[in-house]
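1. need a structure here:
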Amino acid sequence: DSDSEDSQADSLPNFNAVTIFLSQLFAVASVWCEDIFITRTDTLQQQYVTEFLLHPLESKQLNQNDLQKGLSDDGTPLATMLVQGVTLRLDVSRSESIRMDGMRVAEAMASLLGQTLRFEELHPPEEDDVGILEDEVTEDKKEKKERRRNRTNRVRAAPRVLVDPDAEYFTDDSDSSDSSQSDSSIDSHESDESSDSNSSWGEDSLQPYPMNDDEEDLRRVPRPRTLRDCLAYLLTSDKDNFAYDKQHSALMELASIVASQPLDLLDVVSTLVRVLLFLEDKFNMEEFAVKRWDSLVAFGVNIPLETCMLLVEEMRGNISLGTRLEALTILGAVAQELSGLRRDPQQKAIPSCCDQEVANCSTKLQRVLNLHDTSTGEDANAALSTQSSKTRRWRRPRTSPTTTTNRFGAVSVQMIYSLFAFLSQTRNDESIWGGPIGEKFLSEFLKTLSIMLYCARTYPSPALRVLSADLFDLAWSFHDAKCSEVRCAALTAMATCVSMVPVEFVISRAS
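-> The predicted model follows:
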């Protein structure tokens, strides 16, 4: 009994070690099979991860049961993860080294499962096979030359002779010259055919042109694949000959890279946001402002809390009014994007609130009140439109409602509170709030708070009511300010808070 207990005690650590090894191997394989890892990670680093997966497969440290054992919460086995990674790597658009890694893992896994799999790209033909193929090709060329020579001899053996009684008389010398010219033409034709057969041009040598070519080889600088590449391009010195191309490539690719949620997003967000916020258009670049704005908003949409804290921290420093206003505008745009209030770019933009109210009115009411737009060249068709409206049904067609998830509500309390904390800590700073510059910044500050609170109004959180009451008190303290812009911004903020606070609260403040 004691021996059996000792053997069980010895086997227990081995079982735990195998389980830990399989769990670590499954974690590496889950990263190895992701499309983001394949497209964004450096090729050399991918080879290191592939070698880590190949070692237990080629050394037979795993068996068939280990590959088919469910290691994740949903029961996904290790073999499924490896097959997914191999499938993504065998795509034609991948580079040669990435495809080689997938082939090696596939062959090792097939061997472990008792199957046979062999890729010709990994195992090129041997020298003997190459020699046999070359001999066959030379024999085929010899047979073609022999057939051409036989055809030429038959043509020479049976020449055609045409006699014209009205033609001029030629001597034997002229006949011999003509025959020599015909012989030379035939010989030249034969030499041309033989040279064509020996040349490398043929149907087998023609390769199809890739239709999905991104013309990567024509770029002056490589396309940035990671956020660190974009950061290095943006920090390039002006003395660099490719400074324009590097900055342009970084701005073009930065928004898409951030949207893919790379692994190093949180590591470089602080540096990249500061660099983009103070980046200048030194090369008069086309679409510079648009791409820079899209990159900053992309950071705010994907990591809103971190981006908000960085922008608020930058507003504390000694920066210009334009930079502070831009930081506030970014926060408002991020709130609208996350809440789903931003309109579709293909939809016709409504310039003002009045036009929005007019658009919400029925067609019949617009015609009765003469609110329809006739300034766009529709005066010529006014009579025809009036006649057709008499037989038109006034009821608008029903449209299916669209539902958008408000992703801003979960982070709205922290972002709005960070702005209140900024106001409380810097209220005595004359460089921020003093003079005409401070009035302009205060008006935009109140408008940004109104936008953020309006975007979060549908989120069920009791903290939003507290923040709306604080914003109402803040705006009410500026309702009689000397600057008209501050009074207008305060009125906008109070109108936003009215629907979120009790009526008694508003009456008590107004009385």
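
2. going forward, measure contacts and count neighbours with C-alpha atoms only.
-> Will do.

3. Just give the number of residues close to Leu341.
-> 14 (other Cα atoms under 10 Å).

4. host element of it?
-> Element membership for Leu341, per DSSP states H and E: none, as it lies in no helix or strand.

5. For stretch 311-330, buried residues please.
-> Judged by neighbour count using 16 or more other Cα atoms under 10 Å, the buried positions of stretch 311-330 are Leu311, Val312, Glu314, Met315, Arg316, Leu321, Arg324, Leu325, Ala327, Leu328, Thr329, Ile330.

6. For it, C-alpha coordinates in CSV please.
-> Taking C-alpha atoms only, stretch 311-330 is exported to CSV below (Å, rounded to 0.1, in the frame of the first residue of the first chain):
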residue,chain,number,x,y,z
LEU,A,311,-5.7,65.4,-23.4
VAL,A,312,-6.7,66.7,-20.0
GLU,A,313,-3.2,66.5,-18.8
GLU,A,314,-1.9,68.4,-21.8
MET,A,315,-4.5,71.2,-21.3
ARG,A,316,-2.9,71.8,-17.9
GLY,A,317,0.4,72.7,-19.5
ASN,A,318,1.7,75.9,-21.1
ILE,A,319,0.1,75.4,-24.5
SER,A,320,-1.7,77.6,-27.0
LEU,A,321,-5.5,78.3,-27.0
GLY,A,322,-5.8,76.5,-30.3
THR,A,323,-4.4,73.3,-28.9
ARG,A,324,-6.7,73.4,-25.9
LEU,A,325,-9.7,74.0,-28.1
GLU,A,326,-8.7,71.1,-30.4
ALA,A,327,-8.4,68.8,-27.4
LEU,A,328,-11.9,69.7,-26.3
THR,A,329,-13.2,69.2,-29.9
ILE,A,330,-11.6,65.7,-30.0
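
7. Mind checking the pLDDT average for it?
-> Averaging pLDDT along stretch 311-330 yields 94.

8. Adjust the sequence numbering to begin at 23 for everything that follows.
-> Yep, numbering from 23; the last one is stretch 333-352 now.

9. what's in contact with stretch 296-305?
-> Under the contact criterion Cα atoms under 8 Å, 6 or more residues apart in numbering, stretch 296-305 has outside partners Leu256, Tyr266, Phe310, Arg314, Ser317, Leu318, Thr345.

10. I'd like the distance between the fifth one and Met337.
-> Translated: Ser317. Using Cα to Cα, to the nearest Å, we find Ser317 at a distance of 19 Å from Met337.

11. And for the fourth one?
-> Applying Cα to Cα, one obtains 19 Å for the distance of Arg314 from Met337.

12. same question, the second one
-> Using Cα to Cα, we find Tyr266 at a distance of 29 Å from Met337.

13. want to try JSON lines for the buried residues of stretch 333-352, with secondary structure as columns?
-> Output for the buried residues of stretch 333-352, formatted as JSON lines (DSSP: H, G, I helix; E, B strand; the rest coil):
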{"residue": "Leu333", "secondary structure": "helix"}
{"residue": "Val334", "secondary structure": "helix"}
{"residue": "Glu336", "secondary structure": "helix"}
{"residue": "Met337", "secondary structure": "helix"}
{"residue": "Arg338", "secondary structure": "helix"}
{"residue": "Leu343", "secondary structure": "helix"}
{"residue": "Arg346", "secondary structure": "helix"}
{"residue": "Leu347", "secondary structure": "helix"}
{"residue": "Ala349", "secondary structure": "helix"}
{"residue": "Leu350", "secondary structure": "helix"}
{"residue": "Thr351", "secondary structure": "helix"}
{"residue": "Ile352", "secondary structure": "helix"}
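
14. just the buried members of the contacts of stretch 296-305?
-> Here, 16+ other Cα under 10 Å leaves Leu256, Tyr266, Phe310, Arg314, Ser317, Leu318 buried among the contacts of stretch 296-305.

15. Redo those as TSV? Include distance to Pro484.
-> Output for those, formatted as TSV (distance: Cα to Cα, whole Å):
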residue	distance to Pro484
Leu256	43
Tyr266	50
Phe310	42
Arg314	36
Ser317	33
Leu318	30
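
16. Let me have these in CSV, adding pLDDT and secondary structure as columns.
-> CSV is the format used below for those (pLDDT from 0 to 100; DSSP: H, G, I helix; E, B strand; the rest coil):
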residue, pLDDT, secondary structure
Leu256, 94, helix
Tyr266, 93, helix
Phe310, 94, helix
Arg314, 95, helix
Ser317, 96, helix
Leu318, 96, helix
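
17. which among the residues you listed gets closest to Phe442?
-> Distance ranking of the buried ones among the contacts of stretch 296-305 against Phe442, using Cα to Cα, places Leu318 first at 22.3 Å.

18. Isn't that closest one up against Ile352?
-> Yes. Contact criterion Cα atoms under 8 Å: Leu318 and Ile352 qualify, at 7.4 Å.

19. element containing the residue lying closest to Ala320 once chain neighbours are set aside?
-> Distance criterion Cα to Cα, 6 or more residues apart in numbering; nearest residue to Ala320, sequence neighbours excluded, is Ala277 at 5.7 Å. In the assignment (DSSP H and E), Ala277 maps to helix 265-281.

20. So which other helices or strands are in contact with that helix?
-> Contacts defined by 3 or more Cα pairs under 8 Å, 6 or more residues apart in numbering; DSSP states H and E place helix 265-281 against helix 249-256, helix 310-324.

21. Tell me what angle the shortest one forms with helix 265-281.
-> In terms of direction (axes from the mean of the first three to the mean of the last three Cα atoms, to 10 degrees), helix 249-256 departs from helix 265-281 by 150 degrees.

22. sorry, back to before: take the buried residues of stretch 333-352 and lay them out in JSON lines including distance to Asp251.
-> Shown next, in JSON lines, are the buried residues of stretch 333-352 (distance: Cα to Cα, whole Å):
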{"residue": "Leu333", "distance to Asp251": "23"}
{"residue": "Val334", "distance to Asp251": "26"}
{"residue": "Glu336", "distance to Asp251": "24"}
{"residue": "Met337", "distance to Asp251": "27"}
{"residue": "Arg338", "distance to Asp251": "29"}
{"residue": "Leu343", "distance to Asp251": "31"}
{"residue": "Arg346", "distance to Asp251": "28"}
{"residue": "Leu347", "distance to Asp251": "29"}
{"residue": "Ala349", "distance to Asp251": "25"}
{"residue": "Leu350", "distance to Asp251": "28"}
{"residue": "Thr351", "distance to Asp251": "27"}
{"residue": "Ile352", "distance to Asp251": "24"}
